[in-house]
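Asks: Quick one: sequence plus predicted model below, questions after.
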Amino acid sequence: MQRRSLNFLYFEGVERKLEIVTYPHFGPLTRLFKAVFQELKVPEERIVAPSVPNKRTLELGSEHSPEWMCTPFKLSLGSLIESLEKGANHVFQIGGIGTCRASCYGPVQRVIIEILVLVLNFQTLIIIYL
């Protein structure tokens, strides 16, 4: 995988890279991410939808994950890496508070992605379970 450094300067009259957003493949929640972007009226050409996880997805996620993390975490991380390879430069992820490790997916994946120098802007939507 090729490492890349992203610099975004937003000055009027200066050509800038388009923000291309992605999100992890997260089972049925994948549809939720898509619906959020449709509701926000993000143009489809600025969204890199994750592909259905496969063997490579799991291998990528496992290679860069802590060994104690669960398989869904590794699949989620692998799908993010694949989407970033396809040109995405912003990540949208969920997080929250709860007993499942899914509550730490966003922060942990953010650190991993930043170490890989793949993305500059990583957004975590915090969901609190009551």
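Replies: All right, it came through fine.
Asks: contacts, neighbours, all on C-alpha from now
Replies: Noted.
Asks: the strands in the chain, which residues?
Replies: 21-22, 47-48, 90-97, 121-128 (DSSP state E).
Asks: mind listing what Gln109 touches?
Replies: Applying CA atoms under 8 Å, 6 or more residues apart in numbering to Gln109 gives the contacts Leu77.
Asks: Now do it, the pLDDT please.
Replies: pLDDT for Gln109: 85.
Asks: Same question for the one 10 residues further on.
Replies: Predicted confidence (pLDDT) at Val119: the value is 51.
Asks: do Arg3 as well
Replies: 44.
Asks: Check Glu114 and give its pLDDT.
Replies: Looking at Glu114, its pLDDT stands at 80.
Asks: Kindly report the same for Glu67.
Replies: In this prediction, Glu67 has a pLDDT value of 88.
Asks: neighbours around it, how many?
Replies: The number of residues packed near Glu67 is 10, by other CA atoms under 10 Å.
Asks: Which residue ranges of this structure form helices?
Replies: Here the chain has its helices, by DSSP state H, at 29-39, 55-64, 71-85, 105-115.
Asks: rewinding a little: and the strands of the chain, which one averages the lowest pLDDT?
Replies: Mean pLDDT is lowest for strand 121-128 out of those, coming in at a mean of 48.
Asks: Surely His25 and Pro50 touch.
Replies: Yes - His25 is in contact with Pro50 according to CA atoms under 8 Å; the separation is 5.5 Å.
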